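**Student:** Prediction below, plus the sequence it came from.
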Amino acid sequence: MVTTPKAQEPVWETVAEEAPVMVEFDTVGDVFEAVYEGSTDIDLPEDKRQDGRTTFRQLRFRKDGVLYGINAGLKLREAFNSIPDGTLCRITLMAFVEVGQPSKMKDFRVQVAR
(Lines give C-alpha, C1' and ligand atoms only; values in the text may rest on other atoms or scores of the structure.)
Protein backbone atom coordinates (compact mmCIF):
# COMPACT_ATOMS: atom_id res chain seq x y z
CA MET A 1 0.00 0.00 0.00
CA VAL A 2 1.34 3.41 -0.98
CA THR A 3 0.45 6.40 1.18
CA THR A 4 0.70 9.95 0.13
CA PRO A 5 1.98 12.50 2.59
CA LYS A 6 -0.66 14.67 4.20
CA ALA A 7 -0.66 18.28 3.14
CA GLN A 8 0.58 20.51 5.88
CA GLU A 9 -1.94 22.80 7.46
CA PRO A 10 -1.15 26.40 6.60
CA VAL A 11 0.09 28.74 9.29
CA TRP A 12 -1.81 32.00 9.04
CA GLU A 13 -0.31 35.39 9.75
CA THR A 14 -2.59 38.42 10.00
CA VAL A 15 -1.39 41.27 7.78
CA ALA A 16 -4.52 43.44 8.01
CA GLU A 17 -7.10 43.54 10.75
CA GLU A 18 -10.66 44.79 11.00
CA ALA A 19 -11.23 48.31 12.33
CA PRO A 20 -10.79 48.69 16.08
CA VAL A 21 -13.66 49.09 18.50
CA MET A 22 -13.60 52.79 19.36
CA VAL A 23 -13.32 53.73 23.03
CA GLU A 24 -15.36 56.75 24.12
CA PHE A 25 -14.82 58.71 27.32
CA ASP A 26 -18.12 60.47 28.10
CA THR A 27 -18.19 60.77 31.90
CA VAL A 28 -15.56 61.94 34.35
CA GLY A 29 -14.22 58.79 35.99
CA ASP A 30 -14.47 56.59 32.85
CA VAL A 31 -11.56 54.13 32.88
CA PHE A 32 -10.07 51.96 30.14
CA GLU A 33 -7.33 49.36 30.74
CA ALA A 34 -5.56 47.40 28.00
CA VAL A 35 -2.18 46.62 26.45
CA TYR A 36 -0.86 49.42 24.22
CA GLU A 37 -0.05 48.25 20.68
CA GLY A 38 1.21 51.50 19.19
CA SER A 39 -0.40 54.20 17.12
CA THR A 40 -1.28 54.98 13.55
CA ASP A 41 -1.83 58.26 11.74
CA ILE A 42 -5.08 58.41 9.79
CA ASP A 43 -5.68 60.81 6.90
CA LEU A 44 -8.40 63.37 7.51
CA PRO A 45 -10.99 63.83 4.76
CA GLU A 46 -10.49 67.10 2.85
CA ASP A 47 -13.56 68.71 4.46
CA LYS A 48 -12.30 67.96 8.02
CA ARG A 49 -8.80 69.46 7.66
CA GLN A 50 -8.10 72.48 9.87
CA ASP A 51 -5.04 74.52 10.76
CA GLY A 52 -2.92 72.62 8.21
CA ARG A 53 -3.56 69.24 9.86
CA THR A 54 -4.02 66.43 7.38
CA THR A 55 -3.92 63.47 9.81
CA PHE A 56 -4.99 62.50 13.30
CA ARG A 57 -3.36 59.98 15.63
CA GLN A 58 -5.20 56.86 16.75
CA LEU A 59 -3.84 54.86 19.68
CA ARG A 60 -4.30 51.09 19.43
CA PHE A 61 -4.84 48.71 22.35
CA ARG A 62 -5.68 45.04 22.80
CA LYS A 63 -7.77 43.48 25.56
CA ASP A 64 -9.08 39.90 25.62
CA GLY A 65 -8.08 39.51 21.96
CA VAL A 66 -10.09 42.54 20.82
CA LEU A 67 -8.44 45.54 19.13
CA TYR A 68 -9.51 48.95 20.50
CA GLY A 69 -8.81 52.47 19.27
CA ILE A 70 -8.75 55.89 20.90
CA ASN A 71 -8.48 59.07 18.85
CA ALA A 72 -5.72 60.97 20.61
CA GLY A 73 -5.85 64.64 21.41
CA LEU A 74 -2.79 66.55 22.57
CA LYS A 75 -2.72 65.17 26.13
CA LEU A 76 -2.85 61.51 25.01
CA ARG A 77 -0.40 62.05 22.11
CA GLU A 78 2.14 63.52 24.53
CA ALA A 79 1.64 60.78 27.12
CA PHE A 80 1.98 57.91 24.65
CA ASN A 81 5.11 59.32 22.98
CA SER A 82 7.11 57.76 25.83
CA ILE A 83 5.14 54.53 26.39
CA PRO A 84 6.54 51.45 24.63
CA ASP A 85 4.35 48.99 22.76
CA GLY A 86 3.31 46.03 24.92
CA THR A 87 2.74 48.12 28.05
CA LEU A 88 -0.38 47.56 30.16
CA CYS A 89 -2.02 51.00 30.52
CA ARG A 90 -4.88 52.58 32.41
CA ILE A 91 -6.50 55.76 31.06
CA THR A 92 -8.92 57.71 33.25
CA LEU A 93 -10.99 60.72 32.19
CA MET A 94 -10.36 63.23 35.00
CA ALA A 95 -12.14 66.40 33.83
CA PHE A 96 -13.55 68.47 31.02
CA VAL A 97 -11.57 71.71 30.70
CA GLU A 98 -12.89 74.92 29.17
CA VAL A 99 -10.41 76.02 26.49
CA GLY A 100 -12.42 78.63 24.59
CA GLN A 101 -13.51 76.27 21.83
CA PRO A 102 -16.93 74.76 21.04
CA SER A 103 -15.96 71.50 22.80
CA LYS A 104 -14.28 71.22 26.17
CA MET A 105 -10.92 69.48 26.29
CA LYS A 106 -10.85 66.05 27.90
CA ASP A 107 -8.19 65.85 30.61
CA PHE A 108 -6.79 62.37 31.23
CA ARG A 109 -4.62 60.55 33.73
CA VAL A 110 -2.46 57.89 32.05
CA GLN A 111 -0.89 55.16 34.16
CA VAL A 112 1.34 52.22 33.21
CA ALA A 113 1.82 48.92 35.02
CA ARG A 114 5.35 48.37 36.34
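**Tutor:** That came through fine. Numbers count the residues shown, from 1 in each chain.

**Student:** buried set for the longest strand anywhere in the chain?
**Tutor:** Criterion DSSP state E: the longest strand present in the chain is strand 31-43. By neighbour count on 16 or more other C-beta atoms under 10 Å, the buried set for strand 31-43 is 32, 34, 36-37, 39. From N, CA and C alone the C-beta is placed, and that goes for glycine too.

**Student:** chain center to it: distance?
**Tutor:** Distance, stretch centre to chain centre, for strand 31-43: 2 Å (C-alpha atoms, centre = their mean, to the nearest Å).

**Student:** For stretch 52-60, give the mean pLDDT please.
**Tutor:** Average pLDDT, stretch 52-60: 86.

**Student:** Equivalent analysis for stretch 66-78, please.
**Tutor:** Rounded mean pLDDT across stretch 66-78 is 94.

**Student:** and the end-to-end length of it?
**Tutor:** 25 Å (C-alpha to C-alpha, to the nearest Å).

**Student:** tell me which residues in that stretch are buried?
**Tutor:** Across stretch 66-78, burial judged by 16+ other C-beta under 10 Å covers 68-70, 72, 75-76.
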